[in-house]
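Asks: please find the sequence and the predicted model below.
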Amino acid sequence: MPSTTMLLPTEILRRCRPGFETLVEITVTGSSRDTLASALTDAFRRIQHVYRSVNFFDPQSELSLLHRTAWHKPVPVSRLCYAIIGRALQLARTFPGSFDPTVATKVTPRSRLLALGLERPPDPAASWKDILLLPRRRIVFLRPLLLDLGGIAKGYAVDAAIRCLRLRVSGALVNAGGDLRCFGSCCWPVLVRDPRRPIRLGLVLQVSNTALATSAYPARCRYPDHHLSRGLWHPETEKAYRGNESVTVLAPRCWIADGLTKVFLLGNAQARALACQWQAKALWIQSGSFGQLHWRWETAPPPSPRQKEHAAPLWRRFFH
């Protein structure tokens with residue numbers, strides 16, 4: 001999880017609470033300490049609302065209800081759940097083979113399936129194409145399957161908190177375990193860790209008015225089978241990704257930044273070039289055997305005159 005510091009403005013208030021199986025830290029700046037405290041409370045409430053709605057392991061969440069019943073009848077869901085799943089499917093359609101929110105269907109161990117209380121086990125042949133978004137915010141699965149929305153939902157929660165804070169504070173940074181977004185006149189230093197030795201500092205980025213997400217899955221780390229959010233599984237090969245490099249993606253929205261980290265790590269050159277058209281750029285950090293760090297930026301090529309005429313990024317054509 002990147003740690004953050006900043007230059008002192010008039011008033012600063014920082015709070016940290018658990019959420020999304022990590023620690024969520026929010027820092028706000030403004031002129032009134034009482035207003036900052038109230039804004040922090042509302043922002044954390046927004047984040048918890050998202051977390052409760054799409055928590056993979058909570059049997060009372062809307063996502064768990066979909067897992068149990070959506071394979072045999074349409075299920076009405078909240079606007080929030082419908083929006084998050086819609087964004088996950090948009091990424092899956094745009095980057096087939098690099099992003100699939102149903103990969104949990106294939107990699108969840110049997111011991112975890114029993115705890116989910118499913119009437120039927122998920123179909124190993126299921127994919128994102130078996131999810132239909134129907135009118136009046138209803139969702140149906142064509143096969144029994146599992147959706148893991150952890151990363152996309154966490155990014156969406158960060159974006160929701162930022163929308164809440166913009167109305168009441170002059171600047172803020174929301175950091176949810178590697179997914180963060182900031183706004184305001186401040187320039188925020190973000191510390192990106194060495195992907196091979198997380199206790200060691202890698203690089204320091206100065207960011208403002210942007211969203212950022214970092215993913216790293218060191219080869220020597222071994223994660224528990226039940227902890228899906230800590231592993232990255234390839235949708236086609238069904239094998240866990242392990243490498244000695246991290247990718248940090250900067251994008252206009254945090255849910256985009258989080259989703260595109262998977263695309264940059266698993267996708268081919270064509271998929272990565274398409275990801276850059278979502279107004280995103282990626283910072284690669286590779287850790288060598290003797291502690292040396294190598295880093296490089298991956299960005300979109302300059303647009304042609306024809307592309308400038310249609311300058312709206314791909315993600316904005318679908319979501320605002």
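Replies: Thanks, I have the structure now. Numbering: from 1, shown residues only.
Asks: send me the helix or strand harbouring residue 283 as PDB with only the CA atoms.
Replies: Per DSSP states H and E: residue 283 is located in strand 281-287. C-alpha atoms of strand 281-287 as PDB (Å, rounded to 0.1, in the frame of the first residue of the first chain):
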ATOM      1  CA  LYS A 281      -0.300   5.700 -18.500                       C
ATOM      2  CA  ALA A 282       1.700   3.000 -16.700                       C
ATOM      3  CA  LEU A 283       4.900   3.100 -14.600                       C
ATOM      4  CA  TRP A 284       6.800  -0.200 -14.600                       C
ATOM      5  CA  ILE A 285       9.200  -0.900 -11.800                       C
ATOM      6  CA  GLN A 286      11.400  -4.000 -12.000                       C
ATOM      7  CA  SER A 287      13.500  -5.200  -9.100                       C
END
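Asks: please enumerate residues in contact with it?
Replies: Contacting residues not belonging to strand 281-287 are listed as 192, 194-197, 202-203, 205, 244-250, 260, 264, 272, 275-276, 293-300 [CB atoms under 8 Å, 6 or more residues apart in numbering]. Every C-beta, even on glycine, is put in place using the N, C-alpha and C of the backbone.
Asks: give me the buried subset of the residues you listed.
Replies: Buried subset of the contacts of strand 281-287 (neighbour count, 16 or more other CB atoms under 10 Å): 192, 194-196, 202, 205, 244-250, 260, 264, 272, 275-276, 293, 298, 300.
Asks: now the helices for the stretch 1-150 of the chain?
Replies: All helices of the stretch 1-150 of the chain, identified by DSSP state H, counting those that start in this stretch, fall at 33-53, 62-69, 79-94, 104-107, 110-115, 150-166.
Asks: which elements pack onto the longest one?
Replies: Applying 3 or more CB pairs under 8 Å, 6 or more residues apart in numbering; DSSP states H and E, one finds that helix 33-53 makes contact with strand 11-19, strand 22-30, helix 79-94, helix 150-166, strand 171-176.
Asks: equivalent analysis for the third one, please.
Replies: For helix 79-94, the packing partners by 3+ CB pairs under 8 Å, 6+ apart come out as helix 33-53, strand 131-134, strand 138-141, helix 150-166, helix 254-266.
Asks: can I get these in CSV with distance to residue 107 and mean pLDDT?
Replies: Formatted as CSV, the helices and strands packed on helix 79-94 follow (distance: least, CB to CB, whole Å; pLDDT from 0 to 100):
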stretch, distance to residue 107, mean pLDDT
helix 33-53, 22, 95
strand 131-134, 18, 97
strand 138-141, 18, 97
helix 150-166, 13, 95
helix 254-266, 14, 92
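Asks: tell me which of the ones you listed sits most buried.
Replies: helix 254-266 (a mean of 27; mean count of other CB atoms under 10 Å).
Asks: between the helix or strand just after it and strand 281-287, how many degrees?
Replies: As assigned by DSSP H and E, the chain's next helix or strand after helix 254-266 is helix 269-276. Taking axes from the mean of the first three to the mean of the last three CA atoms, to 10 degrees, one finds helix 269-276 and strand 281-287 inclined to each other by 130 degrees.
Asks: run the chain-centre distance for helix 269-276.
Replies: Counting by CA atoms, centre = their mean, to the nearest Å, helix 269-276 is centred 18 Å from the centre of its parent chain.
Asks: ok, and what's touching it?
Replies: 94-95, 97-98, 249, 260, 263-264, 267, 282, 298-301, 314.
Asks: what angle sits between that helix and helix 254-266?
Replies: Going by the same axes, to 10 degrees, helix 269-276 makes 160 degrees with helix 254-266.
Asks: neighbours of residue 103, how many?
Replies: 23 (other CB atoms under 10 Å).
Asks: should've said residue 75
Replies: With other CB under 10 Å as criterion, residue 75 counts 20.
Asks: state the pLDDT value of residue 307.
Replies: For residue 307, the pLDDT comes out at 47.
Asks: try residue 302
Replies: 59.
Asks: picking that back up, in strands, which of the buried ones among the contacts of strand 281-287 fall?
Replies: 192, 202, 205, 245, 246, 247, 248, 249, 250, 293, 298 (DSSP state E).
Asks: want to throw the residues you listed into JSON lines with pLDDT and distance to residue 164?
Replies: Formatted as JSON lines, these follow (pLDDT from 0 to 100; distance: CB to CB, whole Å):
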{"residue": "192", "pLDDT": "88", "distance to residue 164": "27"}
{"residue": "202", "pLDDT": "73", "distance to residue 164": "31"}
{"residue": "205", "pLDDT": "90", "distance to residue 164": "25"}
{"residue": "245", "pLDDT": "81", "distance to residue 164": "35"}
{"residue": "246", "pLDDT": "86", "distance to residue 164": "29"}
{"residue": "247", "pLDDT": "90", "distance to residue 164": "28"}
{"residue": "248", "pLDDT": "93", "distance to residue 164": "25"}
{"residue": "249", "pLDDT": "95", "distance to residue 164": "23"}
{"residue": "250", "pLDDT": "96", "distance to residue 164": "22"}
{"residue": "293", "pLDDT": "77", "distance to residue 164": "37"}
{"residue": "298", "pLDDT": "87", "distance to residue 164": "32"}
